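J.: When you get a sec, could you give me coordinates for this:
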Amino acid sequence: QVQLVESGGGLVQAGGSLRLSCAASGSIFSINVMGWYRQVPGKQRELVAAITTGGTTPYADSVKGRFIISRDNAKNTVYLQMNSLKPEDTAVYYCKCSARLVGSSWFRDYWGQGTQVTVSS
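T.: So this is what the prediction gives:
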């Protein structure tokens, strides 16, 4: 199995910044895509940003120019630098990775437990 541990959420004023981290551990052979999603009550979970092993980084239109995703492959860790935060960025942020376990032939998705980000106006 793969465990994803997120950190860095919290309360921040509008215009401020936060940096989320997500470290993957377990019997990991390789990780393909890593990404961040967010969800507010009553709405579907949505992609915020993702990063592939090749460095492709799709972003949601709502965060382009404000958020930056990056990863440290040696540490199996993905980061989300969030700048110019807005109240509408308030959500629970979830980390997701597509990983292949040692001894396995395929990739599957794993999710973190979520971290709350609250942006006050």
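
J.: contacts and neighbour counts: CA atoms only from here.
T.: Fine.

J.: Can you tell me the centre-most residue of the chain?
T.: In the chain, the centroid-proximal residue (Cα atoms, centre = their mean) is residue 36; its distance is 2.5 Å.

J.: What sits closest to that residue if chain neighbours are left out?
T.: The spatially closest residue to residue 36, leaving aside those adjacent along the chain, is residue 95, at 4.7 Å (Cα to Cα, 6 or more residues apart in numbering).

J.: so how many other residues sit close to residue 112?
T.: Neighbour count for residue 112, taken as other Cα atoms under 10 Å: 19.

J.: whoops, residue 63 was the one
T.: Neighbours around residue 63, by other Cα under 10 Å: 17.

J.: Look up the pLDDT of it for me, please.
T.: You'll see residue 63 listed with a pLDDT of 98.

J.: What's the separation between it and residue 89?
T.: Distance of residue 63 to residue 89, given as Cα to Cα, to the nearest Å: 9 Å.
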